[in-house]
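Asks: Quick one, what's the 3D model for this:
(one chain, ligands or ions: 1)
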Amino acid sequence: MKKDNELSEELRKVARKGGTEAPFSGKYVGSHEKGVYKCAICDTELFSSNTKFDSKTGWPSFTEPTNLENIEFRTDSNHGMNRTEVVCKKCNAHLGHVFDDGPEESGGKRYCINSVCLELEKKDQIPYCARIDL
Ligand SMILES: [Zn+2]
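Replies: Below is the predicted model of the structure:
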């Protein structure tokens with residue numbers, strides 16, 4: 001687990017202060033590489049490239065996390081909106097938000113996650129749900 005003083009300024013701003021990276025600025029927005037996206041701070045598995053889709057919003061978007069136990073949801077009423085914040089359960093990092101306008105055939109959720117909070121571990125073979133692999 002990285003310490004707060006080891007984080008890049010951008011990561012600290014987003015993960016520790018609930019910020020949002022500029023749309024289309026993140027390194028994983030258009031990525032189609034296969035692998036598992038881990039928390040950039042504590043290395044916990046969060047999302048699989050199998051559930052990543054192109055939402056055209058400017059942030060990496062997923063239909064579901066690999067393991068709901070690694071994620072915490074919080075109500076975020078900042079900015080006059082009622083949104084659901086997505087937080088890494090292990091290190092408390094703000095990851096992004098989850099919305100109900102995702103692809104219907106995959107459950108209708110859109111996890112809108114900041115690239116800076118993720119680290120892709122490339123894998124050729126990934127199970128649909130990484131949890132099965134444990
Ligand atoms: Zn974490």
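Asks: where do the helices sit along this structure?
Replies: Per DSSP state H, the chain carries helices over the ranges 9-11.
Asks: Show me where it dips below the pLDDT cut-off.
Replies: 127-134 (pLDDT under 70).
Asks: Could you tell me which residues of this structure lie near the ion?
Replies: Listed as neighbours of the ion in the chain under the rule Cβ under 5 Å from the ion: C39, I41, C42, T44, C88, K90, C91, A93. (C-beta placed from N, C-alpha, C; glycine too.)
Asks: looking at the sheet around the residue most central in space within the chain, what are its partners?
Replies: Closest to where the C-alpha atoms of the chain average out (Cα atoms, centre = their mean) is I113, at 3.8 Å. Listed by DSSP bridges, the beta-bridge partners for I113 are G96.
Asks: now swap in E45 and tell me
Replies: Under DSSP bridges, the beta-bridge partners of E45 are K38.
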